[in-house]
Each structure stands twice: as C-alpha cells, then as structure tokens.
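>>> structure for the following, please:
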Amino acid sequence: MGPVEDASLSDWQQILNTNLWGYIHTIHALLPHFLERGSGTIVNVSSIGGLDPIPYQVPYTTSKYAVTGLTKALHAELAPKGIHVCGIYPSFIRTQLMERALFRGKDEDARYNLVNTAFHSPLLEKPEDVAQAVWKAVRHRQDVVVGTAKLWTTLHHTVPGLMNFVFRRVFGMSDRRSVSSTHSTS
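Purely as a prediction, here's the structure:
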C-alpha cells in the first residue's frame, strides 16, 4: 500500500507472483485432469480490488484484476467442456496479512497503523465468510461477492467519483500532492 511511484519492480514482481502466478501454476497442474474427466470446478479467490480500482494499492489491484480476467476467460472457454470456473470477491479479510503486507511512501507507519486498526473492525470479513462463499460458488456454480464487498462495489458503481475521493483520502495520507506541485510549468 502506498503511492504507485514508490512501488519497486521487485514489489510488483512479488505481488504478481503471489496473486496471479500462484493461480496459473495451480490451474496448469490441475486442468489436464479436469479435461480428461470432462468435469471439475476451479474457484479463484480474487478481491473487491479485482472488480473496482483501489488507489494507493495499484500493484495489488492490478494483480486482482488479472485474476478476475483469468477467471472470466477460463469460464468462457471451459464451461462447454464441463469445467466450471468461478470467482470469489471479498473485501478485507481478517487474516495474517500484516505479516506479509508491503507499505510504501513517506507514511509507511501510518499506513501500517491504518490497516492494523482496520483488522480489528467488525466490518472485516472472516476467513469463515470466504469459506462459505466458496461453498456457495461451488454448489450454485456462480461468482460470489462476499459481505461488505457488496456494499463497496455497489457504492463504487453508483457514485464512483465519491468512492475514488474517499479511497484517495483514506489510503493517500500525506502522500497527497496537489496537481500544481506535481507538474512544473515551463
């Protein structure tokens, strides 16, 4: 989390390797068996960040949009072959994320504290919520937007300008720069 200009290529690589290539490797290993059987279900856990843009989380959002694209493309191709592919779209999940999170920019400590505080919010999804969503997706053969992610995506599609403003204010912290200070005149 932080300004996109503060994300190193190594940060990008790490996030894409974890959030995208992990799925690709798993699908690549399992797909031949599903095709041979003519049936199977692939469930990809993406994120609300795979449906709607999240400022100050550009590498993460990019990886999750890629997972969403992978999921939808696989569904379109594999459904006629008897293989169901669906996506799970939670908001923040109360996990051990803080152990692996990357914070960048001049307010790394403040970003850490913001996310750490959010993890104690009753609005956060629990891993059990996501597990139930996976079961629902498999049982009903459908994508599932989990818990508060329904609210966030509805708001984003209803009032995108407001949601982008709110997210920039919350996640941008003091990295916010005015347009006049980021562009020089000549």
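
>>> which stretches in the chain count as helices?
With DSSP state H as the definition, the chain shows helices at residue ranges 9-16, 22-37, 58-78, 108-118, 127-140, 148-158, 160-172, 179-182.

>>> redo these as CSV? Include mean neighbour count and mean pLDDT.
Where C-beta positions appear, they are placed from N, C-alpha and C, glycine not excepted. Formatted as CSV, the helices of the chain follow (neighbours: other CB atoms under 10 Å; pLDDT from 0 to 100):
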stretch, mean neighbour count, mean pLDDT
helix 9-16, 14, 94
helix 22-37, 13, 97
helix 58-78, 19, 97
helix 108-118, 14, 62
helix 127-140, 15, 91
helix 148-158, 16, 81
helix 160-172, 14, 70
helix 179-182, 8, 38
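
>>> would you tell me which of the ones you listed gets closest to Ser47?
Nearest to Ser47 among those is helix 58-78 (4.3 Å), distances taken as CB to CB.

>>> let me see the residues that make contact with that closest one.
Helix 58-78 has contacts (CB atoms under 8 Å, 6 or more residues apart in numbering) with 1, 4, 7, 11-12, 15-16, 18-20, 23-24, 27, 34, 42, 44, 46-47, 49-51, 53-54, 83-87, 89, 143.

>>> now, of these, which are buried?
Among these, the ones that count as buried by 16 or more other CB atoms under 10 Å are 1, 7, 15-16, 19-20, 23, 27, 34, 42, 44, 46-47, 49-51, 54, 83-87, 89, 143.

>>> from those residues, which ones fall inside strands?
Ile42, Asn44, Ile83, His84, Val85, Cys86, Gly87, Tyr89 (DSSP state E).

>>> dump those residues to TSV, plus distance to His156.
Below are those laid out as TSV (distance: CB to CB, whole Å):
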residue	distance to His156
Ile42	26
Asn44	21
Ile83	31
His84	27
Val85	24
Cys86	21
Gly87	17
Tyr89	12
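
>>> let me know the closest of the residues you listed to Ala137.
Using CB to CB, these come closest to Ala137 at Cys86, 4.4 Å.

>>> now the closest one: closest residue in space, sequence neighbours ignored.
In this structure, Cys86 finds its nearest non-sequential neighbour in Ala137, 4.4 Å apart by CB to CB, 6 or more residues apart in numbering.

>>> look up how far His33 lies from that neighbour.
With distances taken as CB to CB, to the nearest Å, Ala137 is found 20 Å from His33.

>>> please apply the same query to Gly69.
Gly69 sits 24 Å away from His33, going by CB to CB.

>>> Glu77 too?
17 Å.

>>> now do Ser10
From Ser10 to His33 the distance is 34 Å (CB to CB).
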